[in-house]
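[1] here you go, sequence then predicted model.
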Amino acid sequence: GNRKPRLPPGPWTLPIIGSLHQVASMLPHRRMMDLSRRYGPLMHLMLGEVPTVIVSSAEAAALVMKTNDLAFAGRPHSATLDIFGCGGRGIVFAPYGDPWRQMRKVCTMELLSSKQVRRMDGIRPEQVGNLLRYVAAAASTGAAVDVSEKVMALSNDVVSRAVFGGKFPQQEEYLRELDEAFVLLGGFCLVDLFPSSQLVRWLSNGERHMRRSYGHIQRINADVIEGRKAARAAAQDDASSTDDDDLLDVLLRLQEKDAFTFPMTTESIGAVLFDIFAGATQTTGVALEWAMAELVRHPETMAKAQLEIREVLGQGRAVFTNSDLAGLHYMRMIIKEVLRLHPPGPLIPRRAREDRKVMGFDMLEGTNVYINAFAVSRDPNCWESPEEFKPERFENNNMDYNGTYFEFIPFGAGRRQCPGILFGTSTMEIALANLLYHFDWVLPDKANPEFLDMTEKYGIIVGRKYDLQLSFGPTLL
Ligand code: HEM
């Protein structure tokens, strides 16, 4: 009928600028957590002209990502997102529908296939070995290590091997553009907030910047893909797979076989490769940097983890592989606790594909919906001393990030859940196990770890504002 919709409650909004003044001033996931504690687990905001609902409790998250998953399986769109997501041809920002489903299935099956898992189990130790060599050299001279930079580089290299087969000549530029695009997406860009205004469109730099960044990314994609096509043609192995196939090989083979029900262009392949790259690198990198920061801040936790690792692995090991790590129960609790306190993507973007009633409120088609995974995993109604870093809280329970416990959703849940959980946590485990087995980490100049600055940086992937510089304790192995 014509009844007025009953929207979720939200802060007082100004005409034109909506609730922007409420959220734009600081880290949005924190500001929204504070606001939601006042207005409730479903909170309505007008971000500029764009109706938005923020979801901030386990119960509300389950209603959105489980009970009504299909209705909320869309992703937001906006001028900058449409450019970044290649008009929906990738995976992460593709609209819910058949092309997305086929692409996601292919990539997920490939990344999780036993062949690819075996391949990556061989590759990760190589990459971690490079890192260890660098760290050992620094340790021998007493220099501090920029851990943030090094774990990010590790994550980039591992993902790059999975997706593109190895470092590619333009990798540095690719990463720089990705960084810039993430900053543009995390900011509240005027054209996204006022889509109907031609004036704003004309004035705004956001769309122009994104177009330039993404154009550059597309050119690099095209170069890499054309190069590989030429190499495949020369090797005449187009139909057969080898043990060293990366995701690019797999997609090209499917393209050659015409295996999709939609046109699979080089541009689409590029969009998918970029999406996997973008979804995988910074998330895993910042999770590792938060892990090392929390461990240094909690020396007793680091010591306990080292005891476990050194006991399980025995003495005198060089580099080890993921299959050596099955017995590291405390390590896995640490990883969970890091992802609870520092979910790398704190605001999970969805979009309502149809009208739904949730908790008695109307959520209207076209509304952008952000699930605040950060607020949910710090909810005092679900977690004891939620602000404290305490891996032991995961002892003797089954609580997991697999998308069945809605108070803990760093990877989301439902149809859109992150397909890279195993890939990402495997990289985290092997990196942390090696870094802790071989070295004792402390702050440089005997600084007191209690005062380590944990300020977050603004962006859709939330890392540390200040790079983590670490040095070495006296009991080096
Ligand atoms: C610690 C590491 C990671 C975290 C915290 C993380 C987190 C997330 C989250 C929260 C989502 C949205 C889920 C939802 O809407 O319910 C997501 C989506 C996605 N992630 Fe991850 N991710 C990580 C690592 C990875 C890795 C390693 C890969 C690939 C190898 C990856 C690929 C993707 C893709 C392709 C999507 C989009 C799925 C879709 O829209 O259908 N992620 N991730």
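    Right, received. Where do you want to start?

[2] okay, and the most centrally placed residue in the chain sits in which element?
    Taking C-alpha atoms, centre = their mean, the centroid of the chain lies closest to residue 283, which sits 3.3 Å from it. Per DSSP states H and E, residue 283 falls inside helix 266-297.

[3] excluding chain neighbours, what is closest to the residue nearest to the centre of the chain?
    Nearest residue to residue 283, sequence neighbours excluded (C-beta to C-beta, 6 or more residues apart in numbering): residue 344, at 4.2 Å. No exception for glycine: its C-beta is placed from N, CA and C like everyone else's.

[4] where do the strands of the stretch 1-150 of the chain begin and end?
    Ranges of strands within the stretch 1-150 of the chain are 42-47, 50-55, 145-146, based on DSSP state E, counting those that start in this stretch.

[5] helices or strands up against the second one?
    On a contact count with 3 or more C-beta pairs under 8 Å, 6 or more residues apart in numbering; DSSP states H and E, strand 50-55 meets helix 28-39, strand 42-47, strand 368-372.

[6] export these to JSON lines and tack on mean neighbour count, mean pLDDT and distance to residue 75?
    What follows is the helices and strands packed on strand 50-55, written out as JSON lines (neighbours: other C-beta atoms under 10 Å; pLDDT from 0 to 100; distance: least, C-beta to C-beta, whole Å):
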{"stretch": "helix 28-39", "mean neighbour count": "18", "mean pLDDT": "90", "distance to residue 75": "17"}
{"stretch": "strand 42-47", "mean neighbour count": "23", "mean pLDDT": "90", "distance to residue 75": "16"}
{"stretch": "strand 368-372", "mean neighbour count": "25", "mean pLDDT": "94", "distance to residue 75": "9"}
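
[7] need these in JSON lines (columns: distance to the ligand).
    Output for the helices and strands packed on strand 50-55, formatted as JSON lines (distance: least, C-beta to the nearest ligand atom, whole Å):
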{"stretch": "helix 28-39", "distance to the ligand": "12"}
{"stretch": "strand 42-47", "distance to the ligand": "17"}
{"stretch": "strand 368-372", "distance to the ligand": "7"}
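
[8] who in the stretch 151-300 of the chain is up against the ligand?
    Counting by C-beta under 6 Å from any ligand atom, the stretch 151-300 of the chain comes close to the ligand at 275, 276, 279, 280, 283, 284, 287.

[9] let's go with 8 Å and repeat that
    When proximity is defined by C-beta under 8 Å from any ligand atom, the stretch 151-300 of the chain lies next to the ligand at 159, 162, 163, 275, 276, 279, 280, 281, 283, 284, 287.

[10] let's have those in a markdown table, adding pLDDT.
    Output for those, formatted as a markdown table (pLDDT from 0 to 100):
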| residue | pLDDT |
| --- | --- |
| 159 | 92 |
| 162 | 88 |
| 163 | 88 |
| 275 | 90 |
| 276 | 91 |
| 279 | 90 |
| 280 | 93 |
| 281 | 93 |
| 283 | 96 |
| 284 | 97 |
| 287 | 98 |
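
[11] buried ones only from the residues you listed, please, as a ChimeraX command.
    The ChimeraX selection below is limited to those of those classed as buried (16 or more other C-beta atoms under 10 Å):
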select :159,162,163,275,276,279,280,281,283,284,287
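
[12] of the residues of the stretch 151-300 of the chain next to the ligand, closest to residue 99?
    Closest approach between these and residue 99, by C-beta to C-beta: residue 275, at 12.6 Å.

[13] and that closest one, how far from residue 436?
    Distance of residue 275 to residue 436, given as C-beta to C-beta, to the nearest Å: 32 Å.

[14] report the contact partners of the nearest residue to residue 57 once chain neighbours are set aside.
    Leaving aside its chain neighbours, residue 57 sits nearest to residue 41 (3.5 Å; criterion: C-beta to C-beta, 6+ apart). Neighbouring residues of residue 41 by C-beta atoms under 8 Å, 6 or more residues apart in numbering: 55, 56, 57, 59, 60, 359.

[15] which among those residues end up buried?
    55, 56, 57, 59, 60.

[16] tell me the pLDDT of the residue nearest to residue 57.
    On pLDDT, residue 41 comes in at 98.

[17] could you report the separation of it from residue 460?
    Distance of residue 41 to residue 460, given as C-beta to C-beta: 22 Å.

[18] how about residue 425?
    20 Å.

[19] try residue 404
    Taking C-beta to C-beta, one finds residue 404 at 25 Å from residue 460.

[20] which one of these two is surrounded by more residues?
    Counting neighbours by other C-beta atoms under 10 Å for residue 404 and for residue 460 shows that residue 460 has the greater number, 20 against 13.

[21] pretty sure the more buried one contacts residue 347?
    Yes: under the criterion of C-beta atoms under 8 Å, residue 460 makes contact with residue 347 at 7.3 Å.

[22] tell me the helix or strand right after the helix holding residue 283.
    helix 299-313.

[23] list the buried residues of that next one.
    Across helix 299-313, burial judged by 16+ other C-beta under 10 Å covers 301, 302, 304, 305, 306, 308, 309, 312, 313.

[24] could I get that helix in PDB with only the CA atoms?
    What follows is helix 299-313 as a C-alpha-only set of coordinates in PDB (Å, rounded to 0.1, in the frame of the first residue of the first chain):
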ATOM      1  CA  PRO A 299      55.100 -10.200  25.600                       C
ATOM      2  CA  GLU A 300      53.500 -13.000  27.600                       C
ATOM      3  CA  THR A 301      51.300 -14.000  24.600                       C
ATOM      4  CA  MET A 302      54.300 -13.900  22.300                       C
ATOM      5  CA  ALA A 303      56.300 -16.100  24.700                       C
ATOM      6  CA  LYS A 304      53.500 -18.600  25.000                       C
ATOM      7  CA  ALA A 305      53.100 -18.800  21.200                       C
ATOM      8  CA  GLN A 306      56.900 -19.300  20.800                       C
ATOM      9  CA  LEU A 307      56.900 -22.100  23.400                       C
ATOM     10  CA  GLU A 308      54.200 -23.900  21.400                       C
ATOM     11  CA  ILE A 309      55.900 -23.400  18.000                       C
ATOM     12  CA  ARG A 310      59.300 -24.400  19.200                       C
ATOM     13  CA  GLU A 311      57.800 -27.500  21.000                       C
ATOM     14  CA  VAL A 312      55.700 -28.600  18.000                       C
ATOM     15  CA  LEU A 313      58.500 -28.000  15.500                       C
END
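
[25] distance from the chain centre to the helix or strand that it is followed by, please.
    Sequence order places helix 329-341 as the next helix or strand after helix 299-313, per DSSP H and E. Relative to its parent chain, helix 329-341 has a centroid offset of 16 Å by C-alpha atoms, centre = their mean, to the nearest Å.

[26] all helices for the stretch 351-477 of the chain, in order.
    Under the criterion DSSP state H, counting those that start in this stretch, helices of the stretch 351-477 of the chain are mapped to 373-376, 421-438.

[27] need the ones you listed in JSON lines (columns: mean pLDDT, distance to the ligand and mean neighbour count).
    Listed next are the helices of the stretch 351-477 of the chain as JSON lines, based on pLDDT from 0 to 100; distance: least, C-beta to the nearest ligand atom, whole Å; neighbours: other C-beta atoms under 10 Å:
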{"stretch": "helix 373-376", "mean pLDDT": "98", "distance to the ligand": "6", "mean neighbour count": "28"}
{"stretch": "helix 421-438", "mean pLDDT": "95", "distance to the ligand": "3", "mean neighbour count": "22"}
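
[28] quick one: which of these is nearest residue 323?
    Among those, helix 421-438 sits nearest to residue 323 (C-beta to C-beta), with 10.0 Å.
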